[in-house]
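Peer 1: 3D model of this:
(chains A and B)
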Amino acid sequence: MLILGQAALLAALVSFGYAAFGIVASWYSGHGGLHRTALWAWRLGLTGLSLVLGVLAWALLAKDFRFAYVAQYSSRLLPWYYSLSALWVGQAGSLLLWTWMVAGVACVFRRTSKGLPEPVRAVACGVLLGVVAFLMAVMVFGADPVAPSLSPPADGAGLGPVLQHPAMLAHPPAVFLGYALWTIPFALACAAAITGQLQGDWLAVCRRWALAAWSVQGIGILIGAEWAYEELGWGGYWAWDPVENGSLLPWLTGTAMIHTALAWSYRGVLKKTTVLLAVATFGLCNFAAFLTRSGIFGSLHEFSRSTIAWMFLLLLAVLAAAGPLLVCYRRGALRPQHALGGLWSREGLAALAAAALVLLAAIVTAGTLAGPVSKAIAGRAVTLEPHFYNTAAVPLALVLLGAMAMVPLVRWGGPPERAERQKLAGVVALAVVAALVAFIVGVRHGVALAVVGLSVLALGSLLAAAVGDFRSVLRASGWRRRARLLLARRRQYAGYVMHLGFVSLMVGVAGSSLGSATCDVTLLRGQAFEWLGYTIRLASVEQTVLADKRVVETRLEVEPSRGAPFLLVPAQHFHFTTQEWTAEVAVRSTWWGDLYAVAHGGSGDQRADLTFIVNPLMRFIWLSGGLVAVGAVAGLWPRRGAKGGRPPGTAAGLQPELDRFIQARGLRGPRRAPERTTGVSPAASCGPALNAPHRNPAAPCSRDAAARP
Amino acid sequence: MTAGTKLVLLAVVLASATAWFAWQGASGSWQYYLTVDEYIAQAGSLDNVRVRLGGKVAGGSLVLGADRRRAEFELEGAGCRLPIHYAGILPDNLAEGRDVVVEGRREGDGPFQADRLLTRCASKYDPAARSATAAPGEGS
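Peer 2: Have a look, this model is predicted:
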């Protein structure tokens, strides 16, 4: 098995290297034979890589400690599902999984991208295969997942007890799948810039992949936060440590990229920014791997000896040079097609949001690298407390929330029309009233008041826009047509649902950070104490011994001032293999907030040392993940007739009605940017739902008179 | 002034404001993160300065308070030891030989007075980094 794994690993490295070279070379030279051999090499490489993954998964399930990786991360007593999850706990295993995901995603991309011009498709596949070959090289030279144990132990070292949690079955694979999916927007942006075919359908395809990557990664990060909340027992979900920051960075720039790509699709602006952000997002996925895998937070000495660190550093340097070079090389084709419509247009808000997100990413990067950089320069490492991030990030988050709140009542290409301006004024007044009411009710913190006001602004403008849309739909005759008109706006509303997710996240974060209260207390058996309207009594402390751990359960009877009494049972587990305690927290969750209880160790069966934390509005944080999932599925669901490239509704002669519908909404509808060059067939458009190819793209609305040549 | 220029100006204002907030945040929340040996070597310049120290609880040195709200032990580095007096809730996994991180300050030649004590997990990559920053009662 070991030999099979090693052979498959080497074969896959060589195959992917050849395939990457072959695909690009055959496109360049037009050599059909080379293309065929490259495709075979691709298949061979994928088979080899899958075989390596299969061998390691089998070894983990069979607890074959001849594999160094299995000996390090599994043990005889570990249940099979956690043993399998060790695949993404260690360095080599997670690299293997990530590589395999990139290779798999590349295959799906090749199969689903037949509508793209062949050069773009070929170069994009070449870039994807190049990335796979690079990651394979990292594995072969720096972190071999199928390396043998020098002396196979009788039992493995086992998985860290805090990692034995259901969230850990989903969080790392989701984040790695996000990283893998971000490779595609990067590859497409590179391919379009290299081949010069910057018009056409690649952008719409790119946006779909970016949205998939963004939602999978975002939900993955949120599952990680939930794990931290339930498993680490300190009452928070985000500690701004390097591992968390690393995964957040590409998500921030990726969010910016999705918005600038929209501005490019609809108005032909922010093109250079989009290309740079696509490269940066992919670079930051690798930076995240570099942060967690290079040992930079251990000792600098260890770091300088790590092969992986140097390989990732080289890749990052190449990317940092390649992005600006590509943009300079194609600066002519990347020139904007219209002037920006001002701050109060959708592209203006998109640009503002992108600026805020990039600044957020810069803050997080600076905070993360403060330690190693200060150590290298001044010889003394410095750490920054969460206070640094909270101070710097909160104003930016409020700017983002404010920009987002306007979106439904603002159109592409210029400031809002009169009707929209009136609605906006009404909604702003409503938001001010909401903030005042919150103040009167007793909310005194400026940030909390801002979040209340801006959230009401976001909800209000969304409702106002929805009512306007609904009225236009009612004007159409017949239920079928009305339904189709509604469906035609599906992507728009999918976007709004994801925006609501952000509102929900902000409400949850603000509530739980600003309104949190903590209390440390020691209770004797039968003793009760009152705190924040809860009467908490220690009923009993019970111990049970299981095969792999001792469990101490603290049973607490809680009577809230309103509502039915309930039982909270925080527990502690003592794990025999690792000789370590873990806290199993107990949480009573309602929409108003969480009561979070942690028991501390070593206090016997007559008393308990406890920490109670009240975190208001925590549920809204988890709700945001649900909203993003719903929005992403609605936005990514393939539309009917997409294969034929015909926008929905046109078959039934609905196009004039759609046009009237858009005009009734003050030209807020999506509008295809005029093509700079002709000759690119719009027939296979995968663009937004209303991106009708025959809507005379060369006739921009009157406000576009400033369009540059 | 075109809309593009206005947006660039706005971005510059946003960036400057962010830099200012970041400076405010950093000046109130940074501290040195040193090993015991580094700390002892630079002790003269770090008198009464709040720092974060990483090291191991030395064998045979750990004394726990009866109320489980204090602990005294020696923090061991590669070659040096430093007496620590800690007041606060004891982490579950505090034991001799374990890697810990303490925060606090020292006046003159007295013991290092710590008010924050975190145990680093014995397990591998991820939790070590996490638990180093995750502390009871820390805001989110």
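Peer 1: so the most centrally placed residue in chain B, which state does it fall into?
Peer 2: Central residue of chain B (C-alpha atoms, centre = their mean): B:R52, 3.2 Å from the mean position. What DSSP: H, G, I helix; E, B strand; the rest coil gives for B:R52 is strand.
Peer 1: and the strands in chain A?
Peer 2: Remark: strands assigned in chain A by DSSP state E are A:382-384, A:517-524, A:528-531, A:534-545, A:549-560, A:566-568, A:571-575, A:580-584, A:586-589, A:593-600, A:607-616.
Peer 1: so which of those is the most packed in?
Peer 2: Scoring these by mean neighbour count under mean count of other C-beta atoms under 10 Å in any protein chain shown gives strand A:593-600 as the most buried, with a mean of 24. Backbone N, C-alpha and C define where each C-beta goes, glycine included.
Peer 1: any chance you could list what contacts that one?
Peer 2: A:233-235, A:511-512, A:515, A:534, A:552, A:554, A:556, A:558, A:568, A:570-572, A:583, A:585-588, A:608-619, B:68, B:89-90, B:92, B:136 (C-beta atoms under 8 Å, 6 or more residues apart in numbering or on different chains).
Peer 1: same question for stretch A:323-331.
Peer 2: Under C-beta under 8 Å, 6+ apart, the answer for stretch A:323-331 is A:190, A:193-194, A:196, A:198, A:272, A:275-276, A:279-280, A:283, A:334.
Peer 1: may I see the buried residues of that stretch?
Peer 2: For stretch A:323-331, the neighbour count (16 or more other C-beta atoms under 10 Å in any protein chain shown) marks A:323, A:326-327, A:330 as buried.
Peer 1: and the residues you listed, which is closest to A:G218?
Peer 2: A:G323 (23.3 Å; C-beta to C-beta).
Peer 1: what does the pLDDT read for that closest one?
Peer 2: With respect to pLDDT, A:G323 scores 96.
Peer 1: try A:A707
Peer 2: pLDDT, read off for A:A707, is 33.
Peer 1: and what of A:L211?
Peer 2: 97.
Peer 1: how close does it get to A:V507?
Peer 2: According to C-beta to C-beta, to the nearest Å, A:L211 and A:V507 sit 23 Å apart.
Peer 1: please apply the same query to A:P570.
Peer 2: From A:P570 to A:V507 the distance is 27 Å (C-beta to C-beta).
Peer 1: one more: A:V451?
Peer 2: On the measure of C-beta to C-beta, A:V451 and A:V507 end up 6 Å apart.
Peer 1: now do the strands in chain B.
Peer 2: B:30-35, B:51-57, B:63-64, B:70-76, B:81-87, B:99-105, B:112-119.
Peer 1: mind checking how far the second one is from the chain centre?
Peer 2: The one in question is strand B:51-57. 8 Å (C-alpha atoms, centre = their mean, to the nearest Å).
Peer 1: phi, psi for the closest residue to chain B within chain A please.
Peer 2: Residue nearest to chain B within chain A (C-beta to the nearest C-beta): A:G160, separated by 2.5 Å. Backbone torsions of A:G160, given as degrees, to the nearest 10, read phi -50, psi 130.
Peer 1: where in the chain is pLDDT low?
Peer 2: I'll assume chain A. Residue ranges of chain A with pLDDT under 70: A:294-295, A:298-305, A:602-603, A:640-709.
Peer 1: actually, chain B is the one I wanted.
Peer 2: In chain B, residues with pLDDT under 70: B:121-140.
Peer 1: mind naming the longest helix for it?
Peer 2: Criterion DSSP state H: the longest helix present in chain B is helix B:3-29.
Peer 1: now it, how far from the centre of its chain.
Peer 2: Worked out by C-alpha atoms, centre = their mean, helix B:3-29 lies 29 Å from the chain centre.
Peer 1: that helix near chain A at all?
Peer 2: Yes - Helix B:3-29 is in contact with chain A by C-beta under 8 Å from any C-beta of the partner chain, via B:3-4, B:6-7, B:10-11, B:14-15, B:17-18, B:21-22, B:24-26, B:28-29.
Peer 1: excluding its backbone neighbours, what's nearest A:A434?
Peer 2: A:V456 (3.9 Å; C-beta to C-beta, 6 or more residues apart in numbering or on different chains).
Peer 1: partner residues bridging A:E542?
Peer 2: Per DSSP bridges, residues listed as beta-bridge partners of A:E542: A:E553.
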